[in-house]
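Asks: Structure, please.
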Amino acid sequence: MPYITDNRQKFEDLSFHIANQDLLRRQANGGNSILFSYLPNEEYLYIQKAKDIYLENATFIDMSELLVKFIDKDSWESFKNYYNDFKDTPHLVFHSDDPSEDLFNMIISRIEEACLNNKVPFLIRTGCLDGTGIENVNIMENRIVMNLRHPLVIFYPSRINEDGNIYFLNYKPASKYRCTLVK
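Replies: Numbers count the residues shown, from 1 in each chain. You can find the predicted model right below:
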């Protein structure tokens, strides 16, 4: 099982990048994020290991919980009707420019809150963002995230092919432009 043999080095690499933010920013084209890649079917193992290692120094922000909280804000029926009206443009539902709080605002608020509490923010269960119009690059390039005193760690269920291309959830091509990749 690759998890057993790979996890030690991956977590050592992650710890190195968390501790060396200046180097991280240089390697990440000025960004302040770490993309932690693992196979989607091993997500639970990696999340559990991270919680064992970083529990005291990190805040784990679960995208599945935030998505449910966002949907529950108004009720399932209201959300369903609203989503159906904009299903061809999901970013208008989850990441709009209007002043009302959307899922993207909730994510950024939780990231900022973690840093204000002197914790490293870890985004987990990010596969839930597929289909919302929120891409990891939207989060990484947010001015709040770029200026945090701790780097953002994005747990990223993906596969990396032999050419080094990253595929979110094993199918969607991804960009690592504003982050450092731990693979």
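Asks: so what's the residue positioned nearest the centre of the chain closest to, chain neighbours aside?
Replies: Central residue of the chain (Cα atoms, centre = their mean): Ile154, 3.5 Å from the mean position. Spatial nearest neighbour of Ile154, chain neighbours left out: Leu123 (4.8 Å); criterion: Cβ to Cβ, 6 or more residues apart in numbering. For glycine as for every other residue, the C-beta is placed from the backbone atoms N, C-alpha and C.
Asks: and the helix or strand harbouring Val153, which strands flank it?
Replies: Using DSSP states H and E, Val153 sits in strand 152-160. Applying DSSP bridges to the sheet, strand 152-160 is found paired with strand 33-38 (parallel), strand 120-124 (parallel), strand 166-168 (antiparallel).
Asks: coming back round to it: Ile107 is in contact with the residue nearest to Ile154, correct?
Replies: Yes: using Cβ atoms under 8 Å, Leu123 is in contact with Ile107, at 7.4 Å.
Asks: So for these two, which residues contact both of them?
Replies: Common neighbours of Leu123 and Ile107, using Cβ atoms under 8 Å, 6 or more residues apart in numbering, are 61, 63, 139.
Asks: Those in helices, which ones?
Replies: 63, 139 (DSSP state H).
Asks: Is it possible to get a markdown table of the shared contacts of Leu123 and Ile107 that adds pLDDT, distance to Leu169 and neighbour count?
Replies: Converted to a markdown table, the shared contacts of Leu123 and Ile107 look like this (pLDDT from 0 to 100; distance: Cβ to Cβ, whole Å; neighbours: other Cβ atoms under 10 Å):
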| residue | pLDDT | distance to Leu169 | neighbour count |
| --- | --- | --- | --- |
| Ile61 | 98 | 19 | 24 |
| Met63 | 98 | 13 | 22 |
| Ile139 | 95 | 16 | 23 |
